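Enquirer: The following comprises the amino acid sequence and a computationally predicted model.
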Amino acid sequence: MRNKDIFAERKTWDYRRRSFQIAGHGSEENDGHLGFLKRQSDGRLLKPLQAPPKGERESGFYRRLYRPGADETDLRFRRTVPGFFGTEAMERVNGVALAEEYLVLQDVTEGFALPNIMDVKIGSRTWGPDASEKKQRQEDLKYKVGNFAFFVPSE
């Protein structure tokens with residue numbers, strides 16, 4: 001069963017697909033994946049966790065940042081990222097797994113008619129420690145490093 005059919009059948013389901021790209025993740029219309037979901041009851045976004053180790057790193061980042069007793073630096077940094085409300089396992093619909101687990105995040109665009117979000121990359125490289133050589137080359141070509149350590153992606 002295609003993802004589109006799942007949503008057509010579950011008219012009372014509390015989740016809606018986003019029709020646009022968020023954080024590098026597209027919608028079914030443009031990449032064949034469900035991508036982000038928005039829970040209608042509380043307006044929170046559900047972002048599918050990526051396969052290890054990426055998903056584990058991202059989840060760990062949010063858990064550390066939002067841990068009880070966070071230090072002053074973390075408290076200040078929280079103001080620059082979406083609120084984090086834990087993770088949530090998604091049910092299976094007609095035997096189709098939508099995702100194993102989702103991050104539950106604040107929708108920072110809530111209430112805006114035409115929101116714009118800037119994705120800023122900070123550092124001297126944009127690929128992770130587990131990136132393949134091919135991915136490293138692609139990223140290095142995409143972002144001409146030079147002497148700068150601040151990137152604003154244009155894609």
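Expert: Received it, and whenever you're ready, just let me know what you need. Residues are numbered from 1 along each chain as shown.

Enquirer: where along the protein do the strands fall?
Expert: Secondary structure of the chain, counting by DSSP state E: strands at 15-17, 37-39, 45-48, 84-88, 92-93, 96-97, 102-105, 121-122, 150-151.

Enquirer: any chance of those strands in CSV, with mean pLDDT and mean neighbour count too?
Expert: Every residue, glycine included, has its C-beta placed from N, CA and C. Shown next, in CSV, are the strands of the chain (pLDDT from 0 to 100; neighbours: other Cβ atoms under 10 Å):
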stretch, mean pLDDT, mean neighbour count
strand 15-17, 74, 16
strand 37-39, 86, 19
strand 45-48, 88, 21
strand 84-88, 95, 15
strand 92-93, 60, 13
strand 96-97, 58, 11
strand 102-105, 93, 22
strand 121-122, 69, 12
strand 150-151, 59, 13
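
Enquirer: now the ones you listed as CSV including distance to residue 62?
Expert: Formatted as CSV, these follow (distance: least, Cβ to Cβ, whole Å):
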stretch, distance to residue 62
strand 15-17, 20
strand 37-39, 17
strand 45-48, 10
strand 84-88, 4
strand 92-93, 25
strand 96-97, 22
strand 102-105, 6
strand 121-122, 17
strand 150-151, 22
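
Enquirer: Tell me which of those strands lies nearest to residue 63.
Expert: strand 84-88 (7.7 Å; Cβ to Cβ).

Enquirer: Return the list of helices and strands in contact with the closest one.
Expert: helix 54-65, strand 102-105 (3 or more Cβ pairs under 8 Å, 6 or more residues apart in numbering; DSSP states H and E).
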